[in-house]
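Enquirer: Requesting a structural model of the entry that follows:
(one chain, ligands or ions: 1)
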Amino acid sequence: MNFPEGADSSIRFLFGDADIRGETVLLGSSIERIASAHPYSPRVQQLLGLFAAAAVLISNNLKYSGKIVLQARSQGPLSLVMIECTSTGEIRGIARGNIDADTPTPMELIAGGQLVITIERDGGQRYQGIVPLDGTTLGGALDNYFEQSEQLQTRFWLACDGRVAAGFMLQQLPAQRQQNAETRTEQWQNATVLAATLADDELLSVPRATLLHRLFHESALRVFDPQPVIFNCSCSRERSLNALRCLETQELKEIIAEEGHISMTCDMCNTPYQFNPEEVLGLAEPPVLH
Ligand SMILES: [Zn+2]
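Expert: Numbering: from 1, shown residues only. Okay, here's the model as predicted:
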């Protein structure tokens with residue numbers, strides 16, 4: 001399947017005449033891998049795309065090594081939507097609940113839910129923020145989150161047609177190039193008004209260089225090299241075996257008696273893992289140490 005030029009990459013840019021930075025992402029095959037892992041309805045696929053675009057924008061906006069997890073929990077048709085993005089641009093994700101649900105808009109799938117943003121730095125440092133999702137778009141919820149947590153004005157625009165996902169973000173930086181408060185406000189307003197003119201189909205199909213030129217050709221943008229985004233699942237045989245530790249020994253024995261082995265399939269990438277009884281029960285009944 002053909003995706004638009006520049007799909008599966010994210011581009012950072014900096015205004016030359018204002019304290020504003022931005023980022024734009026376009027996802028094709030990476031979101032296709034996530035969206036095709038289960039028989040999701042087109043609406044659920046669309047929601048996964050919006051979450052994926054947002055997760056990449058948030059991750060690339062941080063100077064860190066680790067991963068961010070963007071998830072929503074709700075009482076709506078979907079109990080969970082989750083996308084993980086690492087600082088090296090690897091994404092994976094899943095939706096759980098009534099995954100063939102169809103609602104008028106993607107956000108209604110997670111109506112009344114909460115958005116949880118977790119930043120896990122390599123080495124164990126962890127930060128978590130929560131914002132309500134009631135009555136807002138995903139972009140709107142993220143705008144609120146950034147205003148509260150970082151006290152930096154940030155605006156998100158997200159779009160997904162179920163196949164391609166796109167995101168655009170602008171953030172006002174502390175005064176450096178421009179000290180005059182009035183000019184700073186004016187520059188920020190101008191930039192966000194221009195970005196708000198982006199139609200979804202423009203965001204989803206126009207090459208990024210053209211898009212940035214159209215919007216901000218007067219702002220002497222410094223545009224950085226595109227950073228690739230790929231689908232990659234961090235599951236492994238060892239992690240699956242560790243997960244089996246959570247099950248009761250009796251339960252494991254019953255499965256083995258019935259099947260002769262225990263198998264597990266990663267629900268994010270559908271990789272099957274099979275374990276023989278010795279491996280599994282060896283874990284469930286740790287050897288006595290002398
Ligand atoms: Zn996996």
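
Enquirer: Show me what from the protein comes close to the ion.
Expert: Residues of the chain lying close to the ion (Cβ under 5 Å from the ion) are 233, 235, 266, 268-269, 271. Heads up, the C-betas are built off the backbone N, CA and C, glycines and all.

Enquirer: For these, give me TSV that also has neighbour count and pLDDT.
Expert: Below are the residues of the chain next to the ion laid out as TSV (neighbours: other Cβ atoms under 10 Å; pLDDT from 0 to 100):
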residue	neighbour count	pLDDT
233	19	95
235	19	94
266	19	93
268	19	93
269	16	94
271	14	93
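
Enquirer: where do the strands sit along this protein?
Expert: Taking DSSP state E as the test, the strands found in the chain are 9-14, 20-27, 66-73, 78-86, 90-97, 114-121, 126-132, 154-160, 165-172, 222-223, 227-228, 230-231, 262-265, 272-275.

Enquirer: Please identify the pairing partners of the longest one and their relative orientation?
Expert: In the sheet containing strand 78-86, its partner strands are strand 66-73 (antiparallel), strand 90-97 (antiparallel), by DSSP bridges.

Enquirer: Between those strands, which one is closest to residue 140.
Expert: Proximity to residue 140, assessed across the strands paired with strand 78-86 by Cβ to Cβ, is greatest for strand 66-73 (13.3 Å).

Enquirer: Go ahead and name everything in contact with the closest one.
Expert: Here strand 66-73 makes contact (Cβ atoms under 8 Å, 6 or more residues apart in numbering) with 51, 54-55, 58-59, 62, 78-87, 110, 113-123, 125, 133.

Enquirer: could you dump the helix or strand of the chain with the lowest mean pLDDT to CSV, C-alpha only?
Expert: Lowest by mean pLDDT, DSSP states H and E among the helices and strands of the chain is helix 277-284, with a mean of 73. Extracted C-alpha coordinates of helix 277-284, given in CSV (Å, rounded to 0.1, in the frame of the first residue of the first chain):
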residue,chain,number,x,y,z
PRO,A,277,6.0,-28.0,31.1
GLU,A,278,9.5,-28.0,32.6
GLU,A,279,10.1,-24.4,31.7
VAL,A,280,6.8,-23.2,33.1
LEU,A,281,6.6,-25.3,36.2
GLY,A,282,10.2,-24.7,37.0
LEU,A,283,9.2,-21.1,37.4
ALA,A,284,6.1,-21.8,39.2
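
Enquirer: tell me what it is packed against?
Expert: Applying 3 or more Cβ pairs under 8 Å, 6 or more residues apart in numbering; DSSP states H and E, we find helix 277-284 packed against helix 237-244, helix 249-259.

Enquirer: Give me the contacts around it.
Expert: The contact list for helix 277-284 (Cβ under 8 Å, 6+ apart) reads 241, 244-245, 247, 249, 252-253, 256, 260-262.

Enquirer: how far is stretch 74-83 from where the chain is centred?
Expert: Relative to its chain's centre, stretch 74-83 lies at 14 Å (Cα atoms, centre = their mean, to the nearest Å).

Enquirer: Can you show me the CA trace of it as PDB?
Expert: The C-alpha trace of stretch 74-83 is given here as PDB (Å, rounded to 0.1, in the frame of the first residue of the first chain):
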ATOM      1  CA  SER A  74     -12.700   4.800  30.100                       C
ATOM      2  CA  GLN A  75     -16.200   3.300  30.800                       C
ATOM      3  CA  GLY A  76     -17.000   3.900  27.100                       C
ATOM      4  CA  PRO A  77     -16.900   1.200  24.400                       C
ATOM      5  CA  LEU A  78     -13.100   0.900  24.800                       C
ATOM      6  CA  SER A  79     -11.800   0.200  28.200                       C
ATOM      7  CA  LEU A  80      -8.200   1.000  27.100                       C
ATOM      8  CA  VAL A  81      -6.300   2.600  24.300                       C
ATOM      9  CA  MET A  82      -2.600   2.600  24.600                       C
ATOM     10  CA  ILE A  83       0.400   3.700  22.500                       C
END
